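Peer 1: Here is my input; please provide its structure:
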Amino acid sequence: MLALFDRNWKVLGIDLSPPVSLPHSALRMFSCVGCFWVLLSSALVAVCSFSFISPAWIVKEHLKNKDSVSFGLLWHCSESLDHMYRCYTFGGLGKFQEIPSSSWQTSAVLCSGGCALLAVSSLLAIITIFLPSGACERRICTLAGYMQMAAVFIMGSGLLVYPFGLNSNLVKSFCGDSDIYYAGECQIGWGYMLAIVGVMLTLFLPFFAKYAPKEQLSPTPLPTLL
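Peer 2: You can find the predicted model right below:
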């Protein structure tokens, strides 16, 4: 009898068969945590790159009719009393050995390496958005999370090494009696502070990478300290 009714409804063009349910992975194309992780990673790459090329890690304002100066990892700038602003690379572009302190050379290598690692992990994070949920997505999130954790330690080490260069002859000629972790007549600039803020925010990225996969049945394994 039921088969007869079913055939009659099909003749009329009406299908009474139950709806087909789509798999959960097909319904959920994006993860809110994953999208936030991607946006934050991309923003921190921009912050890291901008602070890396900034010439304002150590600054000295106008004092006693003297020009103001500022130092970065790769640049040093001066502003005359008539507000003429000039910037120069240390020894010319491409002459890494002309950076006035070995500590600053080490800091430049560490910070640039950390920024590069963060940029690669950000690219991996973008790729995960377009991947279906599964083992491949979780592996890439794991890899990106570990890369971001390594970038934190590398860039943090670079920031800790940088103040050791304050006792160089070039810095002392402008900042007076400066020494390791003491800027003398100079002060910490916005470029160095921006780098510190960027590293502190990057510290949260591995945590978001843990919960970035769309399928949270088995979260991405990360060290137990998280």
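Peer 1: Point out where the protein drops to low pLDDT.
Peer 2: Residues of the chain that meet the criterion pLDDT under 70 lie in 1-30, 62-67, 80-85, 90-96, 215-226.
Peer 1: 90 instead?
Peer 2: Across the chain, residues meeting the criterion (pLDDT under 90) sit at 1-35, 52-56, 58-105, 108, 128-138, 165-189, 210-226.
Peer 1: can you map out the helices along it?
Peer 2: Per DSSP state H, the chain carries helices over the ranges 2-11, 24-27, 32-53, 102-129, 135-161, 169-175, 190-202, 205-210.
Peer 1: Of those helices, flag the one that's most buried.
Peer 2: Of all those, helix 205-210 has the most neighbours on average by mean count of other C-beta atoms under 10 Å, namely a mean of 23. For glycine as for every other residue, the C-beta is placed from the backbone atoms N, C-alpha and C.
Peer 1: sorry, back to before: between the helices of the chain, which one is nearest to Y88?
Peer 2: In terms of C-beta to C-beta, the element of the helices of the chain nearest to Y88 is helix 169-175, at 11.9 Å.
Peer 1: mind checking how far the closest one is from the chain centre?
Peer 2: Mean-position distance between helix 169-175 and its chain equals 31 Å (C-alpha atoms, centre = their mean, to the nearest Å).
Peer 1: quick one, what contacts F71?
Peer 2: The neighbours of F71, taking C-beta atoms under 8 Å, 6 or more residues apart in numbering as the test, are 55, 57-59, 171.
Peer 1: among those, who's most crowded?
Peer 2: W57 (28 neighbours; other C-beta atoms under 10 Å).
Peer 1: Correct me if wrong: that one contacts G191.
Peer 2: Yes: using C-beta atoms under 8 Å, W57 is in contact with G191, at 4.7 Å.
Peer 1: shared neighbours of those two, anything?
Peer 2: G72.
Peer 1: nearest spatial neighbour of I127, skipping sequence neighbours?
Peer 2: Leaving aside its sequence neighbours, I127 sits nearest to I140 (C-beta to C-beta, 6 or more residues apart in numbering; 6.4 Å).
Peer 1: distance of the one you found from G114?
Peer 2: Distance of I140 to G114, given as C-beta to C-beta, to the nearest Å: 20 Å.
Peer 1: cool, W104 as well?
Peer 2: Going from W104 to G114 by C-beta to C-beta gives 15 Å.
Peer 1: repeat for T106
Peer 2: T106 is 12 Å from G114, by C-beta to C-beta.
Peer 1: list residues touching both of these two?
Peer 2: Taking C-beta under 8 Å, 6+ apart as the contact rule, the neighbours common to T106 and G114 are G158.
Peer 1: so who does V33 touch?
Peer 2: Residues counted as contacts of V33 (C-beta under 8 Å, 6+ apart) are 208, 211-212.
Peer 1: hmm, 10 Å instead?
Peer 2: Listed by C-beta atoms under 10 Å, 6 or more residues apart in numbering, the contact partners of V33 are 207-214, 216.
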